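> Any chance you could fold what I've pasted below:
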Amino acid sequence: MELTRINNDVNGNPRYVVHFLNVLTEEEQKQFEGIDHITKLYAYAINKAKRIGGKKYHTKKFGGGLVFQSYNTKDLIKKIKGLAND
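Residues are numbered from 1 along each chain as shown. Model (predicted):
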């Protein structure tokens, strides 16, 4: 899994971005069909990421991103993988 380091938040805490598909299982990715397939998947991934403190990343630079605040990237990766296995 690739974590992309971005600028710190206003309080100086480190932040990382991951692609939203990293928090979804293959079954979850297949359950949404139709015209708004990606939009529905992204909304579902945002709600799932909120369980561990994730938020939608609002920039054009990294489309489909979820942002997490973390000092411990190993623990963050473990939590994200845990979401993907739920």
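> what sits up against stretch 39-55?
Stretch 39-55 is touched from outside by 20-21, 23-24, 28-29, 32, 34, 56, 64, 66-69, 79-80, 82-83, 86, with contacts defined as CB atoms under 8 Å, 6 or more residues apart in numbering. The way it works is simple: take the backbone N, C-alpha and C, and place the C-beta from them, glycine included.
> From the chain's centroid, how far away is it?
Using CA atoms, centre = their mean, to the nearest Å, we find the averaged C-alpha position of stretch 39-55 to lie 7 Å away from the chain's own average C-alpha position.
> tell me the mean pLDDT for that stretch?
Averaged over stretch 39-55, pLDDT sits at 93.
> if we can go back for a sec, buried subset of the contacts of stretch 39-55?
Buried subset of the contacts of stretch 39-55 (neighbour count, 16 or more other CB atoms under 10 Å): F20, L21, V23, L24, E28, F32, L66, V67, F68, K79, I80, L83.
> nearest spatial neighbour of the first one, skipping sequence neighbours?
Leaving out its chain neighbours, the residue that sits closest to F20 by CB to CB, 6 or more residues apart in numbering is A45, at 3.9 Å.
> Next, work out how far apart the one you found and G82 are.
14 Å (CB to CB, to the nearest Å).
> still on that earlier bit, now, which of the buried ones among the contacts of stretch 39-55 lie within strands?
Residues of these located in strands (DSSP state E): L66, V67, F68.
> For N8, state which of the buried ones among the contacts of stretch 39-55 is nearest.
Each of the buried ones among the contacts of stretch 39-55 was scored against N8 by CB to CB, and V67 proved nearest at 11.5 Å.
> Can I get stretch 44-64 as PDB, trimmed to CA atoms?
Presented in PDB, the C-alpha positions along stretch 44-64 are these (Å, rounded to 0.1, in the frame of the first residue of the first chain):
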ATOM      1  CA  TYR A  44     -18.900   4.100   0.600                       C
ATOM      2  CA  ALA A  45     -15.100   4.200   1.100                       C
ATOM      3  CA  ILE A  46     -15.300   7.600   2.800                       C
ATOM      4  CA  ASN A  47     -17.900   6.300   5.300                       C
ATOM      5  CA  LYS A  48     -15.800   3.300   5.900                       C
ATOM      6  CA  ALA A  49     -12.600   5.300   6.400                       C
ATOM      7  CA  LYS A  50     -14.300   7.600   8.900                       C
ATOM      8  CA  ARG A  51     -14.200   4.700  11.400                       C
ATOM      9  CA  ILE A  52     -10.500   5.100  11.800                       C
ATOM     10  CA  GLY A  53     -10.300   8.900  11.300                       C
ATOM     11  CA  GLY A  54     -10.100   9.200   7.500                       C
ATOM     12  CA  LYS A  55     -11.600  12.100   5.600                       C
ATOM     13  CA  LYS A  56     -12.200  13.000   1.900                       C
ATOM     14  CA  TYR A  57      -9.200  14.700   0.400                       C
ATOM     15  CA  HIS A  58     -10.300  17.800  -1.400                       C
ATOM     16  CA  THR A  59      -7.700  18.500  -4.100                       C
ATOM     17  CA  LYS A  60      -7.400  18.100  -7.800                       C
ATOM     18  CA  LYS A  61      -3.800  16.900  -7.300                       C
ATOM     19  CA  PHE A  62      -4.900  13.500  -5.900                       C
ATOM     20  CA  GLY A  63      -8.300  12.500  -7.100                       C
ATOM     21  CA  GLY A  64     -10.100   9.800  -5.200                       C
END
